[in-house]
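A.B. asks: Build me a model from this:
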Amino acid sequence: MKTLKYSIVVFLLLTLLKGCIEPYEPKNVQSTAGVLVVEGMLLEDAPTVIKLSRTISLDQSKYLPVVADVSVLNTQGDRLPIPSSDVEGTYILDAFTFEPEEKYALDIRIGSEHYQSSFEAPIYTPQIDSVGFIYKKEDLEVDIYVSTHDAENKLHYYRWLFEEDWEVKTSFFAEVRWDPEKRDTIAGLTFSDPRNRFFCWANGRSNAFLLGNSERLSQAVIKDKVLHTIKYGDYHLSSLYSILVKQYALSDEAYNYFRNLQKNIDEAGSIFAPQPTEMEGNIRNLSNSSEPVIGYFSVVRETRKRLYISATDAYGMIPHENCDIPADEKLTSMADAYYKGYGIKEVEPRGRITYAPFRCVDCTTIGGASKKRPAFWPNDHY
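C.D. replies: Predicted coordinates for the structure are as follows:
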């Protein structure tokens, strides 16, 4: 019965993560609502972020955030609270230092319910040797890979996360822009003027379980593990791209947990593939041992490395934009053009105005990009 209950819970969780292609109503779905989901790990010298939520019914596509008292415990009984953040259900500890020979557990109290992870010894992740890329011209895609090794030949299991930012650049630089709020033009724009719509920035993060191991090798070496593939035409390489890779060494128990979770996600990708693998993390309800909890709490030092890729390093990844306006399109004014989806391309000396589709002159219309420039960005234009 416990196996079936865990399988249903995990199936619900994965279906919500992956998304459904067509409606599906498995039996006993309501019994899975309210399962606690715990995400996060205790990090040294980096912010620890713990997210708590509960599952809801399969026909809804979100989780309910959980308000709780969250703490880190050590084996001596010391307790360090993890403060709640501005985001409900998210708890953040800005800094933490591991003590020699100590172990730590996550402690969660929700009303009368008391949840706790097993006590885990810190794992000191090796440095990332390199983050690189290869441009596969024939396939019109860029693979980003990581390499690492453990000099002591003890750590064989890894997980990676990444954060990516990219600069978007339009086909034309427009010195004049129509402002619909002021119902007037903004003129004299330059590369250093943050009001220009030539440069924008967008961002993303990993949403899969990126795992690797060297368990079958004589040396604890991971070479050129592909973490991310940039596809043709998605604007990541229209100007400058950055990826920050975060690396975590795992225990074999944690690795198996995340591997099974990834296996279930892969199987649920088709229309309800085979029954998901039974999974248990290392977090329990001390008040009710029969209650399932989703999550695995690790204690680990994070290592990281950033890579930049210029558009010139992978020339041809962005398709040529068709910036022509249909011959039968009649634009009577700047405002008329704006509301029909066109921006000002150029105002000629004699006053003649040419227009282009927004995507050619206004970067804020491209793939969720905005004028929010990352603080670490290496160039000085806006």
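
A.B. asks: what's the closest non-adjacent residue to the residue nearest the centre of the chain?
C.D. replies: Nearest to the mean C-alpha position of the chain, counting by Cα atoms, centre = their mean, stands Arg205 at 2.4 Å. With sequence-adjacent residues excluded and distances taken as Cβ to Cβ, 6 or more residues apart in numbering, Arg205 is closest to Glu163, at 5.0 Å. From N, CA and C alone the C-beta is placed, and that goes for glycine too.

A.B. asks: ok, now how distant is that neighbour from Ser370?
C.D. replies: Separation of Glu163 from Ser370 (Cβ to Cβ, to the nearest Å): 16 Å.

A.B. asks: what does Ala314 give?
C.D. replies: Ala314 is 23 Å from Ser370, by Cβ to Cβ.

A.B. asks: One more: Leu106?
C.D. replies: 35 Å.

A.B. asks: Break down the chain into its helices, ranges please.
C.D. replies: Ranges of helices within the chain are 2-18, 252-267, 334-339, 358-361, based on DSSP state H.

A.B. asks: got any ranges where this protein has weak pLDDT?
C.D. replies: 1-32, 57-62, 265, 267-279 (pLDDT under 70).

A.B. asks: Identify, by residue count, the longest strand of it.
C.D. replies: Scanning the chain for the strand with the most residues, using DSSP state E, yields strand 157-169.

A.B. asks: which helices and strands sit right next to that strand?
C.D. replies: strand 199-205, strand 210-213, strand 221-231, strand 240-250, helix 252-267 (3 or more Cβ pairs under 8 Å, 6 or more residues apart in numbering; DSSP states H and E).

A.B. asks: how about a cut-off of 10 Å?
C.D. replies: strand 128-136, strand 141-149, strand 199-205, strand 210-213, strand 221-231, strand 240-250, helix 252-267, strand 303-310 (3 or more Cβ pairs under 10 Å, 6 or more residues apart in numbering; DSSP states H and E).

A.B. asks: re earlier: my read: the residue nearest to the centre of the chain touches Trp160, true?
C.D. replies: No - taking Cβ atoms under 10 Å as the definition, Arg205 is not a contact partner of Trp160, at 11.6 Å.

A.B. asks: which residues are common contacts for these two?
C.D. replies: Lys246 (Cβ atoms under 10 Å, 6 or more residues apart in numbering).

A.B. asks: Asn282: how many residues sit nearby?
C.D. replies: For Asn282, the neighbour count with other Cβ atoms under 10 Å is 21.

A.B. asks: Please report the distance of the residue nearest to Arg205 from Arg304.
C.D. replies: Following Cβ to Cβ, the distance that separates Glu163 from Arg304 is 9 Å.

A.B. asks: Could you do Val146 as well?
C.D. replies: Counting by Cβ to Cβ, the gap from Val146 to Arg304 is 11 Å.

A.B. asks: any common contacting residues for these two?
C.D. replies: With Cβ under 10 Å, 6+ apart, Val146 and Arg304 have common neighbours Ile128, Val131, Trp160, Phe162, Val245, Gln247.

A.B. asks: Now do the contacts for the fifth one.
C.D. replies: The contact partners of Val245, by Cβ under 10 Å, 6+ apart, come to 128, 130-131, 144-146, 148, 160-164, 206, 210, 227-228, 303-307.

A.B. asks: swap in the third one?
C.D. replies: With Cβ under 10 Å, 6+ apart as the criterion, the residues that contact Trp160 are 128, 131, 146, 148, 206, 208-212, 222, 225, 227-228, 245-248, 304.

A.B. asks: which one is Arg54 nearest to, not counting chain neighbours?
C.D. replies: Leu64 (4.7 Å).

A.B. asks: quick one: Ala220 and Asp129 touch, right?
C.D. replies: No - the pair Ala220 and Asp129 does not pass the contact test of Cβ under 10 Å, sitting 11.9 Å apart.

A.B. asks: Find residues that contact each of the two.
C.D. replies: Contacts common to Ala220 and Asp129, judged by Cβ under 10 Å, 6+ apart, are Thr148, His149.

A.B. asks: rewinding a little: give me the ChimeraX select line for the contacts of Trp160, limited to the buried ones.
C.D. replies: Selection of the buried residues among these in ChimeraX, burial being defined by 16 or more other Cβ atoms under 10 Å:
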select :128,131,146,148,206,209,210,211,212,222,225,227,228,245,246,247,248,304
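
A.B. asks: Check the gap between Ser238 and Asp45 for me.
C.D. replies: With Cβ to Cβ as the criterion, Ser238 and Asp45 are 35 Å apart.

A.B. asks: who's more crowded, those two?
C.D. replies: Each of Ser238 and Asp45 has its neighbours counted (other Cβ under 10 Å); Ser238 has more, 23 against 10.

A.B. asks: on that earlier part again, give me the common contacts of Glu163 and Arg304.
C.D. replies: Leu244, Val245, Lys246.

A.B. asks: For the nearest residue to Ile294 once chain neighbours are set aside, which residues are in contact?
C.D. replies: Leaving aside its chain neighbours, Ile294 sits nearest to Val37 (4.6 Å; criterion: Cβ to Cβ, 6+ apart). For Val37, the contacting residues are 9, 13, 16, 51-55, 63-64, 66, 89, 281, 283, 293-295, by Cβ under 10 Å, 6+ apart.
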